[in-house]
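Visitor: Return atomic coordinates for the entry below.
(chains A and B)
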Number of protein chains: 2
Amino acid sequence: MANMNFNTDFVPLTVDPDKIYDYSFAIIKEEMGEHSFTDEQWLVVRRVIHASADFELGRSMIFTDDAIEAGIQSILVGRHVVADVQMIESGSGRKRFQKHGGDLHCYIADEDVSIEAKKLGTTRAIISMQKATQLQEGGIYAIGNAPTALLELIRLIKEGLAKPDLIIGMPVGFVSAAESKAELAILEGIPFITNVGRKGGSTVTVAALNAISIMADERAKEAK
Amino acid sequence: MANMNFNTDFVPLTVDPDKIYDYSFAIIKEEMGEHSFTDEQWLVVRRVIHASADFELGRSMIFTDDAIEAGIQSILVGRHVVADVQMIESGSGRKRFQKHGGDLHCYIADEDVSIEAKKLGTTRAIISMQKATQLQEGGIYAIGNAPTALLELIRLIKEGLAKPDLIIGMPVGFVSAAESKAELAILEGIPFITNVGRKGGSTVTVAALNAISIMADERAKEAK
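Guide: The predicted structure is shown next:
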C-alpha cells in the first residue's frame, strides 16, 4: 500500500474506516446547520444523509416521538426484523440482531411467496408482508423499496392483523412511494420513521435501521 | 386480496409489477424533458432515476462512448462482475450473469480480505479490489459504496495491474466519493459510467448494472 498516491485536493484522504465515518459526520453536521430533530433522531438522520449525500432527504424525515425507543426495545428483547428486499437484509446484516436474540428476515424471494403472487396477479412484496405478519408478532419492519409492501402492512395493521413495534418505511419511486409514506405518516398507534416525498430506498433504510441497532448495542453495554 | 382498499388520490395504483415499471418510466421521461444522452444511455439513466427518484443524480451521469457496448459484450462473453459491497451482489443477483456463463462476486466480507485490511490498517474495500483484479481478467466492476475501492481500482489500472472491461463507479459520500469519481472521469483507455458529485450508492449502481444486463439479454435474444 506504500505506493498509493491519490489526488485529493479537497479533503484529507484517509483509509481508516472509523476516521472516514467521523470525518463524514463532522461535514454533515456542519452543512446541515439548524434543524429540529432530537439528539437521538439526529443519529438516525445523519446516517441517512451519510448514505445518500442528500440533505433534502434527511430533512424530509418524520419520526413519531416513541419511534427510536420502540426500535431499541424491540431489538433488545430479541424481536425479529423484516425487510422488504434482500438488499436491506445484506446491507444491514443478520448478526446485528442475532446477538440480541432476534434475527433479520426477508421473504420476498421465497418460493411460496412467488407462487402466491403470480396466482393473485399481485406483487411479491405484498405477499411477503402477509407471510411476515403471520410468522411473527411485533418486530421492526424495514421497507425501503416496495410501496406496495408498505401499503399492505398498513392495511394489515388497520385490519388488526399486524402490530409492529416499529415501521421504518422509506420506499423510493414514482408509483405510490410518496403516497404510501403519506399513509404511514397519518397512521396512529404504531411507532414509525418515514420521510416525505419520492426519495428513499434500500440504502437509506439500512442506514436508519443500523442507527437504531447501534443505539441498542450501546444501551445493552450500559446495562452491563 | 379482495379486501384491498388503498387510498391513492394521485396516481392510478397498480400492483402489476410490469405496469409499475412502465408507468414509472413514463413519468420519468415526461419530467426529465430535454437531455443529451443517447438512446442506450437513457436506458441506464432512467433506471438510475427510477431507483433514486433523483433527476439531479440522473443528469449528473457521465458515460464514455464505448461504455454500454463494452458492458454488454463483457456479459455476453461470460466475463465476471465484481461488486464492492454485498448490497450490490444481492440487489443485482448472480443469475443475471450466470446465464451468460459469468458470475457476480463480492470479496469484501471474505476472511482473508478482512485479515489483510486489519493488518495494513486500511479498508476492506481496497483489499477486495486487489483480490478481485488478481482473480480475474477484465469484467465489470460495479462500485457503489466505497470511494477507496474505486480509487484503488484506478491505481491498479494505472500501474498496469488491472484492465476492466467496464467500470460502473458511483460511490456515495462525503469523504473522497466525489473526488474518486472525478479521478475516474479523467481515466483514459477504460470504458466507464460514473456521475459528478457526492451522490450515488448501491441502489443506483445496481440500477445501472441491471440496465446493462437487460440490454445484454436482449442482444442474446436477437442473436438467436
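Visitor: Isn't residue A:174 up against residue B:55?
Guide: No - counting by CB atoms under 8 Å, residue B:55 is not a contact partner of residue A:174; they are 10.9 Å apart. In short, each C-beta sits where N, CA and C put it, glycine included.
Visitor: For residue A:3, give me the pLDDT.
Guide: Per-residue confidence (pLDDT) for residue A:3: 37.
Visitor: How about residue A:19?
Guide: Note on residue A:19: pLDDT of 82.
Visitor: Show me which helix or strand of chain A is least confident by mean pLDDT.
Guide: helix A:17-32 (a mean of 90; mean pLDDT, DSSP states H and E).
Visitor: Any buried residues in that helix, and which?
Guide: A:17, A:20, A:23-25, A:27-28, A:32 (16 or more other CB atoms under 10 Å in any protein chain shown).
Visitor: Stretch A:78-98 too?
Guide: A:79-94, A:96-97.
Visitor: And for stretch A:189-201?
Guide: A:190-196, A:198-201.
Visitor: Just to be sure, which of these are found in strands?
Guide: A:192-195 (DSSP state E).
Visitor: And residue A:174 and residue B:55? Which one has more around it.
Guide: residue A:174 (21 against 16; other CB atoms under 10 Å in any protein chain shown).
Visitor: wait, does stretch A:85-104 contact chain B?
Guide: Yes - looking at stretch A:85-104 against chain B by CB under 8 Å from any CB of the partner chain, the contacts come from A:85-87, A:89-91.
Visitor: Now flag whichever of these is closest to residue A:160.
Guide: For the residues of stretch A:85-104 next to chain B, the residue nearest residue A:160 by CB to CB is residue A:85; the value is 26.3 Å.
Visitor: if I pick the closest residue to that closest one other than its chain neighbours, what's in contact with it?
Guide: The shortest distance from residue A:85 to any non-neighbouring residue, by CB to CB, 6 or more residues apart in numbering or on different chains, is to residue A:145 (4.3 Å). Taking CB atoms under 8 Å, 6 or more residues apart in numbering or on different chains, we find residue A:145 in contact with A:84-85, A:87-88, A:125, A:171-172, A:201-202, A:205.
Visitor: could those go into TSV alongside secondary structure and pLDDT?
Guide: Below are the contacts of residue A:145 laid out as TSV (DSSP: H, G, I helix; E, B strand; the rest coil; pLDDT from 0 to 100):
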residue	secondary structure	pLDDT
A:84	coil	96
A:85	coil	95
A:87	helix	95
A:88	helix	96
A:125	helix	93
A:171	coil	97
A:172	coil	96
A:201	coil	97
A:202	helix	97
A:205	helix	98
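Visitor: CA atoms of stretch A:148-162 as PDB?
Guide: Extracted C-alpha coordinates of stretch A:148-162, given in PDB (Å, rounded to 0.1, in the frame of the first residue of the first chain):
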ATOM      1  CA  THR A 148     -46.900  -2.000  -2.100                       C
ATOM      2  CA  ALA A 149     -45.300  -3.700   0.800                       C
ATOM      3  CA  LEU A 150     -45.800  -0.600   3.000                       C
ATOM      4  CA  LEU A 151     -49.400  -0.100   1.900                       C
ATOM      5  CA  GLU A 152     -50.100  -3.800   2.600                       C
ATOM      6  CA  LEU A 153     -48.500  -3.600   6.000                       C
ATOM      7  CA  ILE A 154     -50.700  -0.500   6.800                       C
ATOM      8  CA  ARG A 155     -53.800  -2.400   5.600                       C
ATOM      9  CA  LEU A 156     -52.900  -5.400   7.800                       C
ATOM     10  CA  ILE A 157     -52.400  -3.100  10.800                       C
ATOM     11  CA  LYS A 158     -55.800  -1.400  10.200                       C
ATOM     12  CA  GLU A 159     -57.500  -4.800  10.000                       C
ATOM     13  CA  GLY A 160     -55.900  -5.800  13.300                       C
ATOM     14  CA  LEU A 161     -53.800  -8.500  11.600                       C
ATOM     15  CA  ALA A 162     -50.400  -6.900  12.500                       C
END
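Visitor: buried residues in it?
Guide: A:148-157, A:162.
Visitor: pLDDT wise, what is residue A:11 at?
Guide: 42.
Visitor: ignore the last one, residue A:146
Guide: pLDDT at residue A:146 comes out at 89.
Visitor: For the residue nearest to it when sequence neighbours are not counted, grab the count of nearby residues.
Guide: Once flanking residues are discounted, residue A:146 sits nearest to residue A:125: 3.5 Å by CB to CB, 6+ apart. By other CB under 10 Å, the residues close to residue A:125 number 26.
Visitor: I figured residue A:125 was touching residue A:84, is that so?
Guide: Yes - with contact defined as CB under 8 Å, residue A:125 counts as touching residue A:84 (5.7 Å).
Visitor: Could you pull out the residues contacting both of those two?
Guide: A:108, A:145-146, A:149.
Visitor: out of the residues you listed, who's nearest chain B?
Guide: Distance to chain B, by CB to the nearest CB, is smallest for residue A:145 among the shared contacts of residue A:125 and residue A:84, at 8.2 Å.
Visitor: Using a markdown table, lay out the contacts of residue A:145 together with distance to residue B:102.
Guide: Formatted as a markdown table, the contacts of residue A:145 follow (distance: CB to CB, whole Å):
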| residue | distance to residue B:102 |
| --- | --- |
| A:84 | 28 |
| A:85 | 23 |
| A:87 | 21 |
| A:88 | 26 |
| A:125 | 28 |
| A:171 | 31 |
| A:172 | 28 |
| A:201 | 27 |
| A:202 | 24 |
| A:205 | 29 |
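Visitor: Which residue comes closest to residue A:91 once chain neighbours are left out?
Guide: residue A:206 (3.8 Å).
Visitor: Ok, residue A:32 next?
Guide: residue A:55 (6.2 Å).
Visitor: For that neighbour, give me its contacts.
Guide: Here residue A:55 is in contact with A:31-32, A:49 (CB under 8 Å, 6+ apart).
Visitor: likewise residue A:192?
Guide: Taking CB under 8 Å, 6+ apart, we find residue A:192 in contact with A:62-64, A:67, A:166-169, A:184-185.
Visitor: Report the beta-bridge partners for the residue nearest to residue A:192 when sequence neighbours are not counted.
Guide: Among residues not flanking residue A:192 along the chain, residue A:167 sits closest, at 4.4 Å (CB to CB, 6+ apart). Residue A:167 has these beta-bridge partners by DSSP bridges: residue A:141, residue A:192.
Visitor: and residue A:167, how many neighbours does it have?
Guide: 27.
Visitor: what do you get for residue A:214?
Guide: 15.
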